[in-house]
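K.L.:
generate coordinates for the sequence data below:
(2 chains, ligands or ions: 3)
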Amino acid sequence: MTAALTLYRTTIGKKAVMAITGFIGYGFVILHMIGNLKIFEGAEGFNEYAHFLRTVGYPLVPERGLLWTMRIILLASVILHVVAAIQLTRLDWASRPRGYRETRRKQATFASLTLRWGGLAIFLFIVYHLAHLTFGLGIPNFGGHETAYQNVVAGFSNPINVVIYIAAVGALGMHLYHGVWSMFQTLGLNGPRTDGLWRGLATVSGILLFLGFSTVPIAVITGIVR
Amino acid sequence: MNLTLHVWRQKNAQSEGRFVTYQAKNIIPDMSFLEMLDVVNQELILKGEEPIAFEHDCREGICGSCGMVINGYPHGGHRGTTTCQLHMRHFKDGDVITIEPWRARAFPVLKDLIVDRSAFDRIIQAGGFISANTGVAQDANTVLVPKQNAEAAMDAAACIGCGACVAACPNASAMLFTAAKITHLGLLPQGQPERYTRVVRMVEQMDREGFGGCTNIGECSAACPKEIPLSVIARMNRDLLVAKLKGVN
Ligand code: HEM
Ligand code: SF4
Ligand code: FES
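P.N.:
Numbers count the residues shown, from 1 in each chain, chains lettered A, B, ... in the order given. Ligands and ions are numbered 1, 2, ... in the order given. Here you go, the predicted structure:
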């Protein structure tokens, strides 16, 4: 326990928390994207999937037991990730009170330099996204998970939502294009032999998640999914 | 060739600094960057002005004292090159060059281009050592070191403590320097007894000095005149996490 607390006191410990919670988020977005693609199975298939999420594990665990366990883990992860992000960002910004007149970069990427802003965009999106498709803000005849398919179709028939959604998953793709490689580095699971592997995984993850998530709103707005 | 220099001038740690423009005349391409500054300084001295203060010692790329940011890059941005080893042939007649000191809270400017890097010394003092018995030395060949460890340790040991990694890092983080020292000692048999206390103490001191955290951007390694690889940082992270799992505080 003392070790865990003294670890968190260090910048590396805070980063390790970001990496572990980021890994949980990474796993979640992959499963979430795969689940979303079930929209192409039609209303019945998709709503059945929404139902499945509530009954999975039953009767071993209470109904919705696994769903709520996951929700709590995810909520805790986001909170820890954001708190550590804010603490580290404050330290990082304080470390150079006076900047350079001229700065050039050799290694930095757009993704690595905008991690904080991408993270902020993702955070705002999570709030909006929950309000929109979980609580039904702005969706006529919102029927909760019973009508998950109809909610998605209604939600994305408005182009503004489609634009916000695609921008947000773009930010997510960027965040993970740097973040997935970074988390292995942070946890000390990287070395000269694995570097290319994690770099590749991060690139593929960023691109596939962006494409996978964007497919659904585009399919709705173009009328492929009705 | 003739050059225009915008140089950071600051009287002492307390005073406000500013950029001053100088003309560097009749510079020969074979001169090093520091020799070019020597020429400018000679002229300033003849005019009765205060010469530009910069730190230098070996002038052969091994002491780490000559750091300055040249046109936005620490040490001028040529691969594996310190400022003293940067030659004027990389510039051309009429170039405008901006010269600034390292910028980091943990590296306060002492005068002009000279910063106080003693934060690095304190990180070393916190754990950058090994214990050695006195008495008769044992036969060197009795301690075996795997070749790849010997080479990786040697690569990490090449760090000259110049601070370019801190200067280049968007977070002014000292992770590359600290990790180079931890890797250099931690890969060798002689460094094992203190391996885990070392990483804990050195990281603690690094944070205490007010350096930023690492966001794995990689500018440090790209700026490092000794080309210390980013993998040393992963190794330091791993050692710290293992140390905490072992309960080292
Ligand atoms: C689904 C949501 C998210 C996922 C999957 C995710 C994933 C990740 C991953 C894997 C990392 C790399 C960790 C490392 O380098 O060890 C990371 C870093 C980071 N994330 Fe997130 N993140 C998410 C949301 C957020 C949010 C909401 C914020 C902030 C409001 C945020 C801010 C940051 C910052 C600032 C870093 C860099 C930390 C550092 O290097 O010091 N992220 N994220
Ligand atoms: S790691 Fe490289 S840039 Fe940093 S102090 Fe050592 S030699 Fe200089
Ligand atoms: S003066 Fe020694 S490294 Fe440049």
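K.L.:
make it CA atoms for all contacts and neighbour counts henceforth
P.N.:
Noted.
K.L.:
residues contacting the residue positioned nearest the centre of chain B?
P.N.:
In chain B, the centroid-proximal residue (C-alpha atoms, centre = their mean) is residue B:162; its distance is 1.9 Å. Neighbouring residues of residue B:162 by C-alpha atoms under 8 Å, 6 or more residues apart in numbering or on different chains: B:63-67.
K.L.:
and if we set it to 10 Å?
P.N.:
Contacts here follow C-alpha atoms under 10 Å, 6 or more residues apart in numbering or on different chains; on that basis residue B:162 touches B:61-68, B:74-75, B:82, B:117, B:120, B:177, B:224-226.
K.L.:
could you do residue A:118 as well?
P.N.:
By C-alpha under 10 Å, 6+ apart, residue A:118 lies in contact with A:111-112, A:124, A:168-176.
K.L.:
just residue A:15 next, same as before
P.N.:
Residues near residue A:15 by C-alpha under 10 Å, 6+ apart: A:8, A:21-22, A:81, A:84-85, A:88, A:182-183, A:186-187, B:213-215, B:237.
K.L.:
what do you get for residue A:109?
P.N.:
Residue A:109 is in contact with A:174, A:177-178, B:217-218, counting by C-alpha under 10 Å, 6+ apart.
K.L.:
flag every buried residue along the worst-scoring helix or strand of chain A on mean pLDDT.
P.N.:
Across the helices and strands of chain A, mean pLDDT, DSSP states H and E gives its lowest value to helix A:2-9, namely a mean of 90. For helix A:2-9, the neighbour count (16 or more other C-alpha atoms under 10 Å in any protein chain shown) marks A:3, A:6-8 as buried.
K.L.:
of all those residues, which comes closest to chain B?
P.N.:
Nearest to chain B among the buried residues of helix A:2-9: residue A:3, at 5.2 Å, using C-alpha to the nearest C-alpha.
K.L.:
on that earlier part again, restrict the contacts of residue B:162 to those near ligand 2?
P.N.:
For ligand 2, the contacts drawn from the contacts of residue B:162 by C-alpha under 6 Å from any ligand atom are B:177, B:224-226.
K.L.:
can you pick out the most distant pair from these?
P.N.:
Using C-alpha to C-alpha, those reach their maximum pairwise distance at B:177 and B:225, which is 11.8 Å.
K.L.:
check which helix or strand covers residue 28.
P.N.:
Here I'm looking at chain A. Using DSSP states H and E, the element containing residue A:28 is helix A:11-36.
K.L.:
ah, no, chain B please
P.N.:
Counting by DSSP H and E, residue B:28 is found in no helix or strand.
K.L.:
for it, grab phi and psi.
P.N.:
Taking degrees, to the nearest 10, you get phi -90, psi 140 for the backbone angles of residue B:28.
K.L.:
wait, it touches residue B:87, no?
P.N.:
Yes: assessed by C-alpha atoms under 10 Å, residue B:28 is found in contact with residue B:87 at 9.4 Å.
K.L.:
mind checking how far the residue lying farthest from the centre of chain A is from ligand 2?
P.N.:
Within chain A, the residue lying farthest from the chain centre (C-alpha atoms, centre = their mean) is residue A:101, at 35.9 Å. Distance, residue A:101 to ligand 2, using C-alpha to the nearest ligand atom, to the nearest Å: 20 Å.
K.L.:
is that residue located within a helix, as I assumed?
P.N.:
No: Residue A:101 sits outside any helix when classified using DSSP: H, G, I helix; E, B strand; the rest coil, being coil.
K.L.:
next one: phi and psi at it?
P.N.:
Dihedral angles (degrees, to the nearest 10) for residue A:101: phi -70, psi -40.
K.L.:
the one 5 residues further on now?
P.N.:
Backbone torsions for residue A:106, taken as degrees, to the nearest 10, come to phi -120, psi -40.
K.L.:
where exactly do the helices run in chain B?
P.N.:
B:33-46, B:118-127, B:147-157, B:164-168, B:175-186, B:195-208, B:219-223, B:231-245 (DSSP state H).
K.L.:
close to ligand 1, is the fifth one?
P.N.:
No: for a cut-off given as C-alpha under 6 Å from any ligand atom, helix B:175-186 has no contacts with ligand 1; the smallest distance is 12.5 Å.
K.L.:
next one: that helix to chain centre, how far?
P.N.:
13 Å (C-alpha atoms, centre = their mean, to the nearest Å).
K.L.:
show me what counts as buried in that helix.
P.N.:
B:175-186.
K.L.:
swap in the longest one?
P.N.:
Along helix B:231-245, the positions that meet the burial threshold by neighbour count (16+ other C-alpha under 10 Å) are B:231-241, B:243-244.
K.L.:
need those in CSV (columns: distance to ligand 2 and pLDDT).
P.N.:
Formatted as CSV, the buried residues of helix B:231-245 follow (distance: C-alpha to the nearest ligand atom, whole Å; pLDDT from 0 to 100):
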residue, distance to ligand 2, pLDDT
B:231, 12, 96
B:232, 10, 97
B:233, 10, 98
B:234, 14, 98
B:235, 14, 97
B:236, 13, 98
B:237, 16, 98
B:238, 18, 98
B:239, 18, 98
B:240, 18, 98
B:241, 21, 97
B:243, 23, 97
B:244, 25, 96
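K.L.:
redo these as JSON lines? Include distance to ligand 3.
P.N.:
Output for the buried residues of helix B:231-245, formatted as JSON lines (distance: C-alpha to the nearest ligand atom, whole Å):
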{"residue": "B:231", "distance to ligand 3": "23"}
{"residue": "B:232", "distance to ligand 3": "22"}
{"residue": "B:233", "distance to ligand 3": "23"}
{"residue": "B:234", "distance to ligand 3": "26"}
{"residue": "B:235", "distance to ligand 3": "26"}
{"residue": "B:236", "distance to ligand 3": "25"}
{"residue": "B:237", "distance to ligand 3": "28"}
{"residue": "B:238", "distance to ligand 3": "30"}
{"residue": "B:239", "distance to ligand 3": "30"}
{"residue": "B:240", "distance to ligand 3": "30"}
{"residue": "B:241", "distance to ligand 3": "33"}
{"residue": "B:243", "distance to ligand 3": "34"}
{"residue": "B:244", "distance to ligand 3": "36"}
